[in-house]
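**Q** no sequence for this one, just the structure:
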């Protein structure tokens, strides 16, 4: 993509008529243009996903914008810019970042809105410790495919309502035990299997739990998960014994999501006899 600069004049035109300009077309933004855009408070937020670079001055200006701020095109972020953006009030999209310094992570952990960091491929234990103090509604780290036990222990203390780790393809028993202590929604939809020990730990989780990538559960794991108090998504199950179905039928939490068309006929029939299992259940809003 050829470089395309967002100038002060274009920013003023956007504020006068937002339909006249597609901000996502621009790869660079002038500092004075960023200052003007910081005044935008439109319904759909400020979408600047074409930007591939952001000066520290522009980041400071954009941090004053109230509402959704989407900067998915950025692949790097200075520590100074991270500090500025941490003061932004609203959702902050930085999913183009594939890595983050520990200092930048510390800064962004102060952000109090929804924080999208789904492009991160790795997370140091130090950064995880910082993010444990994030108080925004949701922390999305769906790009992580693995997580150290120390990082899992730190993230379990995340103070927001939701921790999304849908990229994880495996989870140690120790990490499962740690994450089960998180107080809000826990999204682990990238897992395709779950050990009995991990299921026992997660069954003690007090919030919602999403495991729609898991395709089979042992009888022991099903019994453990049936004790969950919160919402439970197991809509990806394709293999389930009758005994496991009987256990899941004893679930008494906030909603159990299953797909009858995925399950063996006998298991589906057993679960249909349990009125607390709602095939059409949707995840509660809180």
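**A** Alright, I've got the coordinates. Because the structure is predicted, anything quoted here is derived from the model rather than measured.

**Q** any weak-confidence spans in this structure?
**A** 1-2, 280-282, 284-286 (pLDDT under 70).

**Q** in it, which spans are helices?
**A** 8-16, 31-37, 56-62, 79-85, 102-108, 125-131, 149-155, 173-179, 196-202, 219-225, 242-248, 265-272 (DSSP state H).

**Q** reformat the ones you listed as a markdown table; add mean neighbour count and distance to residue 50.
**A** Heads up, the C-betas are built off the backbone N, CA and C, glycines and all. Formatted as a markdown table, the helices of the chain follow (neighbours: other CB atoms under 10 Å; distance: least, CB to CB, whole Å):
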| stretch | mean neighbour count | distance to residue 50 |
| --- | --- | --- |
| helix 8-16 | 16 | 13 |
| helix 31-37 | 20 | 13 |
| helix 56-62 | 20 | 14 |
| helix 79-85 | 21 | 17 |
| helix 102-108 | 21 | 21 |
| helix 125-131 | 21 | 27 |
| helix 149-155 | 21 | 31 |
| helix 173-179 | 21 | 35 |
| helix 196-202 | 21 | 40 |
| helix 219-225 | 22 | 43 |
| helix 242-248 | 20 | 46 |
| helix 265-272 | 16 | 47 |
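
**Q** reformat the ones you listed as TSV; add distance to residue 137.
**A** Shown next, in TSV, are these (distance: least, CB to CB, whole Å):
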stretch	distance to residue 137
helix 8-16	28
helix 31-37	24
helix 56-62	20
helix 79-85	17
helix 102-108	15
helix 125-131	14
helix 149-155	15
helix 173-179	18
helix 196-202	22
helix 219-225	25
helix 242-248	29
helix 265-272	32
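
**Q** surely residue 242 touches residue 269?
**A** No: Residue 242 lies out of contact with residue 269 (CB atoms under 8 Å); the separation is 9.0 Å.

**Q** endpoints of stretch 163-174, how far apart?
**A** 17 Å (CA to CA, to the nearest Å).

**Q** start the count at 841 instead of 1 going forward.
**A** Okay, using 841 as the starting number, the last item reads as stretch 1003-1014.

**Q** quick check: buried residues in that stretch?
**A** 1003, 1004, 1005, 1006, 1007, 1008, 1011, 1012, 1014 (16 or more other CB atoms under 10 Å).

**Q** same deal with stretch 1018-1032?
**A** So for stretch 1018-1032, counting by 16+ other CB under 10 Å, buried means 1018-1022, 1024-1031.

**Q** kindly report the same for stretch 949-964.
**A** Buried-residue list, stretch 949-964, by 16+ other CB under 10 Å: 949-960, 963-964.
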